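Novice: Compute the structure for the input listed below.
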Amino acid sequence: MLSSVMSYFGRRDNKQAARDAIVGLRQQLQLIEKKEEYLQKKIDEELKKAKANAVSNKAVATQALRRKKANETEMDRLAGQRLQLEMQINTLESANLNAETMQALKKASDVLSSIHGYMTMDKVDSTLSKIAEQRDIANEIAGAISEPVGVGADEDELKAELEQLEQEHLDERLAGAEHVPVYVPAGARRVEERPRPAIEDDEDAQLKELQAALAM
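Specialist: Numbering: from 1, shown residues only. You can find the predicted model right below:
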């Protein structure tokens, strides 16, 4: 327990130390940049003075060029320092990021170890087998519950009963066909009724004979 606490504070101190170091380096970098700006102004001034006295006063122009050269040398030295500070900042930031990444990975590894600590392949296989067994039992129970009670008729018996119903239906249709009235077209009826005018002709002849007898 104590070692873990010390380790925690140790990691915390290292992280804070890295941040403090980065802050210090950035502050120093700002000072160098301000110094470079100042020197660049001096270089521009000395160059301007040298140009102004190049013909009229060569001694003044020469001194101005020497000061300009000295400032440029200082600028080169500051540029080297600035480069070293920037590289150190990048190195510290990278190291700090690596440390935080490793800490996150370590924490995730500890969590996975805690999760898998009580799990083994034998336990997993045993659990899956139990689940499959219980699933089969549940399916059997569901099938038994859903099957209608008392239904166990023989397929041949059902087939014979169905054929009997079909035969009865066919017999009923045939019996109904025997009592269907015969359809006689209207034209046929008129043809059958045509001999009736012959009877009417006999009646007319008898009427005429009676009229002739009365006239006599």
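Novice: from the middle of its chain, how far away would the strand or helix carrying residue 43 be?
Specialist: In this assignment (DSSP states H and E), residue 43 forms part of helix 2-52. Relative to its parent chain, helix 2-52 has a centroid offset of 49 Å by Cα atoms, centre = their mean, to the nearest Å.
Novice: For that helix, name the packing helices and strands.
Specialist: helix 58-116 (3 or more Cβ pairs under 8 Å, 6 or more residues apart in numbering; DSSP states H and E). C-beta: built from backbone N, CA, C; applies to glycine.
Novice: for the helix it packs on, what is the average pLDDT?
Specialist: Confidence for helix 58-116, expressed as mean pLDDT, is 91.
Novice: tell me the angle of that helix relative to helix 2-52?
Specialist: 160 degrees (axes from the mean of the first three to the mean of the last three Cα atoms, to 10 degrees).
Novice: Now the following helix or strand past helix 58-116: average pLDDT?
Specialist: Once helix 58-116 ends, the next helix or strand along the chain (criterion: DSSP H and E) is helix 121-146. Mean pLDDT, helix 121-146: 88.
Novice: got it, and stretch 164-182?
Specialist: Regarding stretch 164-182, the rounded mean pLDDT is 75.
Novice: again with stretch 20-33
Specialist: 93.
Novice: What are the buried residues along it?
Specialist: Within stretch 20-33, the residues that count as buried by 16 or more other Cβ atoms under 10 Å are 22, 25, 29, 32.
Novice: And the furthest pair within those?
Specialist: The widest separation within those, taken as Cβ to Cβ, falls between 22 and 32 and amounts to 15.6 Å.
Novice: Isn't residue 85 up against residue 32?
Specialist: Yes - assessed by Cβ atoms under 8 Å, residue 85 is found in contact with residue 32 at 6.9 Å.
Novice: wait, what's in contact with residue 45?
Specialist: Not one residue lies near residue 45 by Cβ atoms under 8 Å, 6 or more residues apart in numbering.
Novice: with the buried residues of stretch 20-33 in mind, which one is nearest to residue 65?
Specialist: Using Cβ to Cβ, the buried residues of stretch 20-33 come closest to residue 65 at residue 32, 24.9 Å.
Novice: roughly how far apart are residue 38 and residue 75?
Specialist: 10 Å (Cβ to Cβ, to the nearest Å).
Novice: what about the two, which has more around it?
Specialist: Neighbour totals were compared for residue 38 and residue 75, and residue 75 leads with 17 against 13 (other Cβ atoms under 10 Å).
Novice: Now that one: closest residue in space that isn't a chain neighbour?
Specialist: Leaving aside its sequence neighbours, residue 75 sits nearest to residue 39 (Cβ to Cβ, 6 or more residues apart in numbering; 5.0 Å).
Novice: for that neighbour, what are its contacts?
Specialist: Here residue 39 is in contact with 71, 74, 75, 78 (criterion: Cβ under 8 Å, 6+ apart).
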